[in-house]
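**Student:** I would like to see how this sequence folds:
(one chain, ligands or ions: 1)
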Amino acid sequence: MCGIIGYTGYRQASEVLMEALKRLEYRGYDSAGIAILSPNLSMHKQKGELDRLRVRLPKIEGNVGIGHTRWATCGKPSNENAHPFVDCTGKIAIVHNGIIENYMQLKEQLGLESNRFTSQTDTEVIVHLIEKHFNGNLLDAVRLAMNEIKGTYAVAAMVQGSNELIAARKENPLVIGVGVNENFIASDVTALLSYTNKVKYVMDGEIVSITPDRIRIFDPEGNEVQREDFVVTWNAEDAQKGGFSHFMLKEIFEEPQAIHNSLLGALDIIKNGDILPNVQFNSIKMIACGSSFNAAMVGKYIMEEMAKIPVTLELASEYRYSPGAKEFPLVILISQSGETADTLAAAREARRRGCRTLGITNVIGSTLTREVDEVVYTRAGPEIGVAATKTFITQLIALYIIAIRVGYAKRALGHDSMWGYLNELRKMPGIVQSVLDRASEIEKASNILVEARDVFFIGRNINYPTVLEGALKLKEISYIHAEGYAAGELKHGPLALLDSKTPVIAVAIQKDLTYDKMLANISEVAARESPVLAIGCEGDRELAQLSDVQISVPCVQPLFSPIPVTIVFQLLSYYAANKRGCSIDKPKNLAKSVTVE
Ligand code: AGP
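**Tutor:** Below you'll find the model as predicted:
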């Protein structure tokens, strides 16, 4: 969602801001803008892609500025509603990510005090509140303004005549980039990778002041606090396309390496037992949104099979409103970004209910890591495409590892079975690579989807959640309506929708308990003349006879089959969307990091 950048130093601020906003594009946005002290405040904003702003931007000299990519929540996407916003004097400017809940009351009150409003946004009240409290000290004015606000925010502010930037956060991400004779603030580290790999994370309720040579951080009570620098291991290249036509494709092809890295980290968990040092819980609840929820669903099958422990699932957006039975499961919260507002709210609620919490995330220092008792990192590297690909796969790796850890500790798994599973996991980078080696075959197979209006994905057992993920991927980037179904459910309704124009993608993995039943379900589909694209094991002739197109994956134990099958789904979706000319890395209406509830 919205991306924030602030710069104070010796470089041309306009160049830094535009470069950083480019890096923040992946979060999702519909308009962009910058404000620079030159030395008077010069502001430029534009609806649409960043390039539309770039071509309209005059040459602006100045070393202090703030910038923003907006993802509309309050007020439609337009030039007027784009950030930054300035006060009535035209000297104070702000950018904001989040939602101000009491903005109507504040707007009414500030309007009576003859403030001019130029937009329909909630954000604009912030700059007028700061103006109201400003008497030469921006830090104090921001603090007083924030005290009047109800809602969530990451805000950056500056005032003409000063090289100080003030920023504040409540439930929205904010990080300080530490430089030499220059400093930065940003929504996330990817914006800063071209300039610095040293960051300080800003905690909830804190306010910060940065100048080129000084960083000060204040806690909610106004006390100055010291914060260690954190060195980020991602580099600028990781966040570039590297010759691929889209980030999504690059990120799919990075999956063997991502799994390898994820396994390296995870194996420490097994060796050192440094997560879940005691396993005094009798059940697990997994909570997440979107693809991360689909990973959790796969995780339920893994956990129940390997650790023989009951698992329940809840969507993060529902959990905090659920009645909450008197039970104390281990709560596992899964979020690649670690910033999804619903998942963070669920983490807080789980703790409030007295549950032990474990987070699975890809982003070191993300808010989730501070809201849970223990963290497992997926180590997939930066993921820029809005569609979760390598982060989804590495979430599965983390779940396998946690299941093995819990299963072994609870004696549901013996030593040999534990090593059997670990050895199977070690094969996964190679298995995934061999699916990627079939990319051109998968590209050809995607033709079956390109003209479709509706597509069904069917699977059973552990590949039921896999098909939910396949359908989500396809609809998200190709805008084709897709539904994932447990194959046994077809005849309870959706079969009525099948015809020769509705392709069905079916997963049937040999040796899976449900394999024969899947073949029967595929026959039912074929009888309705739906074109069938089947995904199954290498050499499965029976499946080939039932399907119009078959994509084979290497034979693995059924419990691990979601990994190769998902890679096929990701590639199918990518190629279908590409042939339809869709905006693959930034699908319409979607954001990478969903920081509003
Ligand atoms: C996945 O392709 C989607 N972009 C989306 O469903 C995503 O998984 C969801 O918003 C949750 O994000 P998180 O993992 O960062 O919490």
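
**Student:** what residue ranges in the stretch 301-450 of the chain score low on pLDDT?
**Tutor:** 325 (pLDDT under 70).

**Student:** and it, which of its residues are near the ligand?
**Tutor:** Residues of the stretch 301-450 of the chain lying near the ligand by CB under 6 Å from any ligand atom: S335, Q336, S337, T340, T343, V386, A387, A388. Every residue, glycine included, has its C-beta placed from N, CA and C.

**Student:** Verify the stated contact: A141 with H128.
**Tutor:** No. At 11.2 Å, A141 does not count as touching H128 under the criterion of CB atoms under 8 Å.

**Student:** Can you list which of the residues of the stretch 301-450 of the chain next to the ligand are found in helices?
**Tutor:** Those of these mapping onto helices are T343, per DSSP state H.

**Student:** out of the residues of the stretch 301-450 of the chain next to the ligand, what pair is the most spread apart?
**Tutor:** Spanning the widest gap among those are T343 and A387, at 17.9 Å by CB to CB.

**Student:** about what we covered before: neighbour count: A141 and H128, which is higher?
**Tutor:** H128 (24 against 21; other CB atoms under 10 Å).

**Student:** In terms of helix, strand or coil, where does that one fall?
**Tutor:** Secondary structure state of H128, per DSSP: H, G, I helix; E, B strand; the rest coil, is helix.

**Student:** For it, give its distance to the ligand.
**Tutor:** According to CB to the nearest ligand atom, to the nearest Å, H128 and the ligand sit 33 Å apart.

**Student:** again with I431
**Tutor:** As judged by CB to the nearest ligand atom, I431 and the ligand stand 22 Å apart.

**Student:** and the next element down the chain from the host helix or strand of that residue?
**Tutor:** Element membership for I431, per DSSP states H and E: helix 428-436. For helix 428-436, the succeeding helix or strand toward the C-terminus, using DSSP H and E, is helix 439-445.

**Student:** Who are the packing partners of the helix holding I431?
**Tutor:** helix 255-272, helix 562-579 (3 or more CB pairs under 8 Å, 6 or more residues apart in numbering; DSSP states H and E).

**Student:** With mean pLDDT as extra columns, can I get these in CSV?
**Tutor:** As requested, these are exported to CSV (pLDDT from 0 to 100):
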stretch, mean pLDDT
helix 255-272, 84
helix 562-579, 98
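
**Student:** ok, now which ones touch R70?
**Tutor:** C2, Y29, D30, S31, A32, G33, P77, N81, A82, H83 (CB atoms under 8 Å, 6 or more residues apart in numbering).

**Student:** what's the nearest residue to it if we skip its chain neighbours?
**Tutor:** Nearest non-adjacent residue to R70, counting by CB to CB, 6 or more residues apart in numbering: S31, 4.8 Å away.

**Student:** So what's the residue count around the one you found?
**Tutor:** Residues within reach of S31, counting by other CB under 10 Å, total 26.

**Student:** So in terms of bridging, what pairs with it?
**Tutor:** Note on S31: beta-bridge partners by DSSP bridges are K47, R70.

**Student:** and it, what pLDDT?
**Tutor:** Looking at S31, its pLDDT stands at 93.

**Student:** Over to N115?
**Tutor:** Confidence at N115, expressed as pLDDT, is 73.

**Student:** wait, it sits on C88?
**Tutor:** Yes. The pair N115 and C88 passes the contact test of CB under 8 Å, sitting 5.8 Å apart.

**Student:** who touches both of the two?
**Tutor:** With CB under 8 Å, 6+ apart, N115 and C88 have common neighbours H128, E131.

**Student:** which of those two has more neighbours?
**Tutor:** Using other CB under 10 Å, the more surrounded residue of N115 and C88 is N115, with 18 against 15.

**Student:** Tell me how far the more buried one lies from the ligand.
**Tutor:** N115 sits 36 Å away from the ligand when distances are taken as CB to the nearest ligand atom.

**Student:** Next: L57.
**Tutor:** If you measure L57 against the ligand using CB to the nearest ligand atom, the figure is 30 Å.

**Student:** need the contact list for the residue lying closest to V202 once chain neighbours are set aside.
**Tutor:** Once flanking residues are discounted, V202 sits nearest to L174: 4.3 Å by CB to CB, 6+ apart. Going by CB under 8 Å, 6+ apart, L174 touches I4, A154, A167, A168, I185, A186, S187, V202, V208.

**Student:** let's see it at 7 Å
**Tutor:** By CB atoms under 7 Å, 6 or more residues apart in numbering, the contact set of L174 is A154, A167, I185, S187, V202.

**Student:** pretty sure the first one is in a helix, no?
**Tutor:** In other words, A154. No. Counting by three-state DSSP, A154 is not part of a helix but strand.

**Student:** That one and S187 touch, don't they?
**Tutor:** Yes. Under the criterion of CB atoms under 7 Å, A154 makes contact with S187 at 6.4 Å.

**Student:** what about those two, which has more around it?
**Tutor:** S187 (29 against 25).

**Student:** doesn't V155 make contact with the more buried one?
**Tutor:** No. S187 is not in contact with V155 according to CB under 7 Å; the separation is 11.3 Å.

**Student:** Give me the distance between A345 and D122.
**Tutor:** If you measure A345 against D122 using CB to CB, to the nearest Å, the figure is 19 Å.

**Student:** With G430 instead?
**Tutor:** Distance, G430 to D122, by CB to CB: 51 Å.

**Student:** Can you list the strands that the strand or helix carrying I505 pairs with?
**Tutor:** Following DSSP H and E, one finds I505 within strand 504-508. Here strand 504-508 has these sheet partners by DSSP bridges: strand 454-459 (parallel), strand 532-537 (parallel).

**Student:** Alright, I will stop here.
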